[in-house]
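> Have a look; sequence and predicted model below, questions after that.
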Amino acid sequence: MGMPHVTVGHGSRGNPIYQVGGKSFVFFRNPRPDAVDPATGERYPDVVVFWVASESDKQALIQDQASPFFTTPHFDGHPSVLVRGSRIGELTARELAEVIQDAWLSRASSVRAAAWLDAQSKQ
(Lines give C-alpha, C1' and ligand atoms only; values in the text may rest on other atoms or scores of the structure.)
Protein backbone atom coordinates (compact mmCIF):
# COMPACT_ATOMS: atom_id res chain seq x y z
CA MET A 1 0.00 0.00 0.00
CA GLY A 2 3.06 2.25 0.15
CA MET A 3 3.09 2.58 -3.62
CA PRO A 4 0.93 5.27 -5.27
CA HIS A 5 -2.45 4.55 -6.85
CA VAL A 6 -2.76 1.11 -5.25
CA THR A 7 -6.14 -0.44 -4.64
CA VAL A 8 -6.90 -3.74 -2.97
CA GLY A 9 -9.50 -6.09 -4.33
CA HIS A 10 -10.36 -9.51 -3.02
CA GLY A 11 -10.47 -12.88 -4.70
CA SER A 12 -13.14 -15.54 -4.43
CA ARG A 13 -11.94 -16.59 -0.99
CA GLY A 14 -11.25 -13.08 0.28
CA ASN A 15 -7.57 -13.21 -0.65
CA PRO A 16 -6.07 -9.74 -1.29
CA ILE A 17 -5.25 -8.64 -4.83
CA TYR A 18 -3.09 -5.51 -5.07
CA GLN A 19 -3.67 -3.48 -8.21
CA VAL A 20 -2.45 -0.33 -9.89
CA GLY A 21 -4.65 1.17 -12.57
CA GLY A 22 -6.88 -1.90 -12.43
CA LYS A 23 -3.95 -4.27 -13.10
CA SER A 24 -2.88 -6.84 -10.52
CA PHE A 25 0.75 -6.77 -9.48
CA VAL A 26 0.73 -8.86 -6.27
CA PHE A 27 -1.90 -11.33 -5.20
CA PHE A 28 -2.38 -14.18 -2.80
CA ARG A 29 -3.47 -17.37 -4.56
CA ASN A 30 -5.96 -19.93 -3.45
CA PRO A 31 -4.42 -23.42 -3.06
CA ARG A 32 -4.04 -24.88 -6.55
CA PRO A 33 -2.94 -28.29 -7.88
CA ASP A 34 0.08 -26.82 -9.67
CA ALA A 35 1.86 -25.80 -6.43
CA VAL A 36 2.18 -28.72 -4.05
CA ASP A 37 4.49 -29.99 -1.36
CA PRO A 38 6.63 -32.65 -3.09
CA ALA A 39 6.81 -34.74 0.09
CA THR A 40 3.08 -34.81 0.91
CA GLY A 41 1.31 -33.80 -2.30
CA GLU A 42 -0.65 -31.22 -0.31
CA ARG A 43 -1.44 -27.96 -2.09
CA TYR A 44 0.48 -24.98 -0.77
CA PRO A 45 -2.01 -22.74 1.03
CA ASP A 46 0.24 -19.66 1.06
CA VAL A 47 1.40 -18.84 -2.48
CA VAL A 48 1.93 -15.19 -3.36
CA VAL A 49 2.28 -14.10 -7.00
CA PHE A 50 4.49 -11.15 -7.96
CA TRP A 51 4.50 -9.75 -11.50
CA VAL A 52 7.91 -9.19 -13.10
CA ALA A 53 8.93 -6.99 -16.00
CA SER A 54 10.37 -9.72 -18.23
CA GLU A 55 11.28 -13.36 -18.62
CA SER A 56 14.89 -12.50 -17.81
CA ASP A 57 13.79 -10.89 -14.53
CA LYS A 58 11.77 -14.01 -13.76
CA GLN A 59 14.73 -16.28 -14.48
CA ALA A 60 17.02 -14.16 -12.31
CA LEU A 61 14.70 -14.71 -9.35
CA ILE A 62 14.02 -18.44 -9.81
CA GLN A 63 17.36 -19.79 -11.05
CA ASP A 64 18.91 -20.10 -7.58
CA GLN A 65 17.49 -23.28 -6.00
CA ALA A 66 17.99 -21.77 -2.53
CA SER A 67 15.82 -18.78 -3.44
CA PRO A 68 12.27 -18.76 -2.05
CA PHE A 69 10.98 -17.82 -5.53
CA PHE A 70 9.68 -20.49 -7.86
CA THR A 71 7.36 -21.05 -10.78
CA THR A 72 5.20 -23.88 -12.05
CA PRO A 73 4.35 -25.05 -15.58
CA HIS A 74 1.02 -23.23 -15.19
CA PHE A 75 3.01 -19.96 -15.19
CA ASP A 76 5.26 -20.80 -18.16
CA GLY A 77 5.33 -17.72 -20.36
CA HIS A 78 3.61 -15.61 -17.70
CA PRO A 79 5.58 -12.63 -16.36
CA SER A 80 5.39 -13.57 -12.71
CA VAL A 81 7.11 -15.48 -9.94
CA LEU A 82 5.68 -17.32 -6.97
CA VAL A 83 6.81 -17.44 -3.37
CA ARG A 84 5.34 -19.23 -0.40
CA GLY A 85 4.26 -16.91 2.38
CA SER A 86 6.05 -19.22 4.82
CA ARG A 87 9.34 -18.37 3.05
CA ILE A 88 8.94 -14.57 2.82
CA GLY A 89 11.11 -14.28 5.95
CA GLU A 90 14.07 -15.52 3.90
CA LEU A 91 14.05 -12.15 2.14
CA THR A 92 15.30 -9.00 3.76
CA ALA A 93 12.83 -6.13 4.06
CA ARG A 94 14.80 -4.34 1.35
CA GLU A 95 14.66 -7.34 -1.01
CA LEU A 96 10.93 -7.72 -0.48
CA ALA A 97 10.38 -3.99 -1.05
CA GLU A 98 12.34 -4.20 -4.32
CA VAL A 99 10.27 -7.15 -5.55
CA ILE A 100 7.04 -5.31 -4.72
CA GLN A 101 8.26 -2.08 -6.31
CA ASP A 102 9.37 -3.93 -9.43
CA ALA A 103 6.01 -5.70 -9.59
CA TRP A 104 4.24 -2.32 -9.33
CA LEU A 105 6.49 -0.81 -11.99
CA SER A 106 5.80 -3.71 -14.34
CA ARG A 107 2.05 -3.01 -14.20
CA ALA A 108 1.78 0.75 -13.67
CA SER A 109 1.20 3.07 -16.60
CA SER A 110 4.34 4.59 -18.08
CA VAL A 111 3.30 8.02 -16.73
CA ARG A 112 2.81 6.72 -13.18
CA ALA A 113 6.02 4.68 -13.32
CA ALA A 114 8.05 7.64 -14.61
CA ALA A 115 6.62 9.95 -11.92
CA TRP A 116 7.42 7.46 -9.16
CA LEU A 117 10.94 6.82 -10.46
CA ASP A 118 11.54 10.57 -10.73
CA ALA A 119 10.39 11.12 -7.15
CA GLN A 120 12.66 8.29 -5.95
CA SER A 121 15.69 9.78 -7.70
CA LYS A 122 15.15 13.06 -5.80
CA GLN A 123 15.12 11.41 -2.38
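It's in.
> Run the chain-centre distance for stretch 52-66.
Its chain's C-alpha centre and that of stretch 52-66 lie 12 Å apart, by Cα atoms, centre = their mean, to the nearest Å.
> Return the set of buried residues in it.
52, 57-58, 61-62 (16 or more other Cβ atoms under 10 Å). To be clear about C-beta, it is placed using only N, CA and C from the backbone, and glycine gets the same treatment.
> Now distance to Arg32 too, for these, in JSON lines please.
Shown next, in JSON lines, are the buried residues of stretch 52-66 (distance: Cβ to Cβ, whole Å):
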{"residue": "Val52", "distance to Arg32": "19"}
{"residue": "Asp57", "distance to Arg32": "23"}
{"residue": "Lys58", "distance to Arg32": "18"}
{"residue": "Leu61", "distance to Arg32": "20"}
{"residue": "Ile62", "distance to Arg32": "18"}
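> Look up the closest residue to the most centrally placed residue in the chain, ignoring the ones flanking it.
Among the residues of the chain, the one closest to the centroid is Phe50, at 1.1 Å (Cα atoms, centre = their mean). Counting by Cβ to Cβ, 6 or more residues apart in numbering, Phe50 lies nearest to Ala103, which is 4.5 Å off, once chain neighbours are set aside.
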